[in-house]
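Peer 1: Sequence and computational prediction follow.
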Amino acid sequence: MTSTPFNPEPLTRANAALVLVDHQVGLMTGIRDYSVAELKHNVVGLARAAKALGLPMVATTTSADTLWGPAFPELVAALPGQTFIDRTTVNAWDDPRVAAAIEALGRKKLIFAGVSLEVCAAFPAMRAVREGYEAYVAIDASGTFNATKRETGILRLLQSGVVVADGASLMVEILGDNARPEAAEVYSALAMDWAMLVGQVRSTAVAAATLA
């Protein structure tokens with residue numbers, strides 16, 4: 001797997017936003033590259049970590065009432081008050097309401113996750129690059145229906161200048177400092193076992209700063 005070297009400036013809470021595309025109950029049943037339970041775990045963890053970091057978000061569904069059903073309940077519960085923009089366009093960005101919502105975020109670095117990877121996540125991510133944004137796809141929060149779709153989807157993203165990564169790495173990059181007050185919440189959202197240790201790091205750092 002090859003790609004043109006691209007090493008953008010780091011993600012931060014000031015420049016990044018999250019776009020969640022079509023994590024719907026009907027689509028989730030067809031996932032084959034992850035177990036449904038694992039994919040749900042990854043998506044919810046990404047959403048909760050982004051929320052803890054204060055990242056603005058856009059979330060969408062496709063034909064929820066007539067085709068693929070609503071966003072899966074665990075994700076809805078993780079994002080109380082979040083509006084899911086329902087549309088009919090294949091590419092989420094092609095819906096004017098979604099495009100306007102993304103533009104209103106005011107961020108130039110967009111993290112996408114979606115079901116399926118090669119369509120729901122990839123199409124708007126590639127459009128973002130064409131529109132002058134920097135696009136990232138959280139691969140482990142973007143399931144699909146077979147190995148070929150996963151492999152060719154990742155290749156197409158790389159060919160299009162989209163950064164591919166796992167969601168936890170993207171969130172930790174944005175966190176930036178384990179002494180931040182939200183660090184334990186971020187690591188806990190990502191189900192990382194050392195969340196308690198991060199809290200101890202913060203306590204030590206605060207105590208050291210107080211003595212300085």
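Peer 2: Received, thanks. Keep in mind that what you see is a predicted model, and the values were worked out from it rather than measured.

Peer 1: Burial check on the residue nearest to Thr88 when sequence neighbours are not counted, number of neighbours?
Peer 2: Taking CB to CB, 6 or more residues apart in numbering, and ignoring the residues beside it in sequence, Thr88 has Ser63 as its nearest neighbour in space, at 5.8 Å. The way it works is simple: take the backbone N, C-alpha and C, and place the C-beta from them, glycine included. By other CB atoms under 10 Å, 14 other residues sit near Ser63.

Peer 1: do the same with Arg150
Peer 2: The number of residues packed near Arg150 is 20, by other CB under 10 Å.

Peer 1: looking at this, it is in a strand?
Peer 2: No: according to DSSP: H, G, I helix; E, B strand; the rest coil, the state of Arg150 is helix, so it is not within a strand.

Peer 1: residue contacts, it?
Peer 2: Arg150 makes contacts with 33, 117-118, 144, as judged by CB atoms under 8 Å, 6 or more residues apart in numbering.

Peer 1: Of those, just say which sits nearest to Phe84.
Peer 2: Nearest to Phe84 out of those is Leu117 (CB to CB; 19.1 Å).

Peer 1: what sits against that closest one?
Peer 2: By CB under 8 Å, 6+ apart, the neighbours of Leu117 are 33, 137, 139, 142-144, 149-150, 153-154.

Peer 1: How is Pro80 assigned, secondary-structure-wise?
Peer 2: coil.

Peer 1: how far away is it from Ile174?
Peer 2: For Pro80, the distance to Ile174 equals 21 Å [CB to CB, to the nearest Å].

Peer 1: just to revisit the earlier point, from Ala52, how far off is the residue nearest to Thr88?
Peer 2: For Ser63, the distance to Ala52 - CB to CB - is 31 Å.

Peer 1: Over to Ala78?
Peer 2: Look at Ala78 and Ala52: by CB to CB, they are 11 Å apart.

Peer 1: so what's Leu110 up against?
Peer 2: Contact analysis of Leu110 by CB under 8 Å, 6+ apart lists 16-19, 102, 125, 128, 133-136.

Peer 1: wait, which of those is closest to Glu74?
Peer 2: Nearest to Glu74 among those, with distances taken as CB to CB, is Leu18, at 16.4 Å.

Peer 1: Can I take it that Asn178 is in a strand?
Peer 2: No: secondary structure of Asn178 (three-state DSSP): coil, not part of a strand.

Peer 1: follow-up on the earlier one: next, give me the two most distant ones among the contacts of Arg150.
Peer 2: Maximum pairwise distance in the contacts of Arg150, criterion CB to CB, is 10.7 Å, between Asp33 and Glu118.

Peer 1: so what sits against both of those two?
Peer 2: By the contact definition CB under 8 Å, 6+ apart, Asp33 and Glu118 are jointly contacted by 144, 150.

Peer 1: What is the nearest of the contacts of Leu117 to Arg48?
Peer 2: Distances from Arg48 to these, taken by CB to CB, are shortest for Ser142, at 16.8 Å.

Peer 1: Does that closest one touch Phe123 like I think?
Peer 2: No: Ser142 is beyond contact range of Phe123, at 11.8 Å (criterion: CB atoms under 8 Å).
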